[in-house]
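J.: return a 3D structure for these sequence lines:
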Amino acid sequence: SRPQGVAFVELFFDLVFVFAITQLTAQTAHDLSVDGVLKSVIVGWLIWWAWTQFTWTLNPADTSHAGVRVLTLGATAAAFVMAASIPRAFTGEAIWFALPYVVVRGLGLGLQLVVAAGSPNRGAVLRWVAGSAVGLVLVLGGALLDPGLQSVAWLAAIIADLLAATV
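T.: Reported below is the predicted structural model:
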């Protein structure tokens, strides 16, 4: 099979993550305390993880397929809300960051399941998705906690995702 080029929707998706990084940079510049920088590192990791997981998913997917394009545009819209909500990530409105994050990751994981349907790697993908669900629950649950506890929950989510990737 011939390698596929990068589709417009993939570039649009990437552009939204560039916006997320600019939001994160502005947030970090606004609070250069140790606590502020650590929170930026946590949010930065989550943003990076969402982007890389989705882009890994698009590599084997047929990006010329209308369903894949629509799903990618849906993930792009959710990522835009996530990016715009970065200043709220460690406030009482953290759900505005966490929920779109979970949507982007969930769409990516769902697409991975579809792509792996007939693959010999299907079992590994199923283990990855199950392990990733733990991290997603921790991100959503963490958004509902006090900001001090939220950091702990989101760090646990990062660890859960790393364990899922390792397994």
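
J.: mean confidence (pLDDT) on the helix or strand where residue 26 lies, please.
T.: If you go by DSSP states H and E, residue 26 is part of helix 8-30. With pLDDT averaged residue by residue, helix 8-30 scores 93.

J.: same deal with stretch 60-75?
T.: Mean predicted lDDT for stretch 60-75 stands at 91.

J.: please list all residues in contact with the residue nearest to residue 131 when sequence neighbours are not counted.
T.: In space, residue 131 comes closest to residue 164 once its chain neighbours are excluded; the distance is 2.7 Å by C-beta to C-beta, 6 or more residues apart in numbering. Every C-beta, even on glycine, is put in place using the N, C-alpha and C of the backbone. Taking C-beta atoms under 8 Å, 6 or more residues apart in numbering, we find residue 164 in contact with 127, 128, 130, 131, 132, 134, 135.

J.: now, which of the residues you listed lie within strands?
T.: In strands, judged by DSSP state E, none of these are found.

J.: among those residues, which one sits closest to residue 96?
T.: Set against residue 96, the nearest of the contacts of residue 164 by C-beta to C-beta is residue 135 (18.8 Å).

J.: number of residues surrounding that closest one?
T.: 24 (other C-beta atoms under 10 Å).

J.: share the number of residues neighbouring residue 50, please.
T.: Residue 50: 26 surrounding residues under other C-beta under 10 Å.

J.: wait, it sits on residue 83?
T.: No. Assessed by C-beta atoms under 8 Å, residue 50 is found out of contact with residue 83, at 10.2 Å.

J.: list the buried residues of the host helix or strand of residue 164.
T.: Element membership for residue 164, per DSSP H and E: helix 147-166. Burial within helix 147-166, assessed by neighbour count using 16 or more other C-beta atoms under 10 Å, is assigned to 150, 151, 153, 154, 155, 156, 157, 158, 160, 161, 164.

J.: wait, what's in contact with the third one?
T.: This means residue 153. Residue 153 neighbours (C-beta under 8 Å, 6+ apart): 138, 139, 141, 142, 145.

J.: what's the closest of the residues you listed to residue 108?
T.: Of all the contacts of residue 153, residue 108 sits closest to residue 139, with 13.9 Å by C-beta to C-beta.

J.: the closest one and residue 62: what is the separation?
T.: Using C-beta to C-beta, to the nearest Å, one gets 29 Å for the distance from residue 139 to residue 62.

J.: where does pLDDT dip in the protein?
T.: Along the chain, the model assigns pLDDT under 70 to residues 1-4.

J.: which one's the longest helix in it?
T.: Taking DSSP state H as the criterion, the chain has its longest helix at helix 34-58.

J.: tell me the buried residues in the helix or strand just after that helix?
T.: Next in sequence after helix 34-58, counting helices and strands by DSSP H and E, comes helix 66-84. Neighbour-count burial for helix 66-84, counted by 16+ other C-beta under 10 Å, picks out 68-69, 71-72, 75-76, 78-84.
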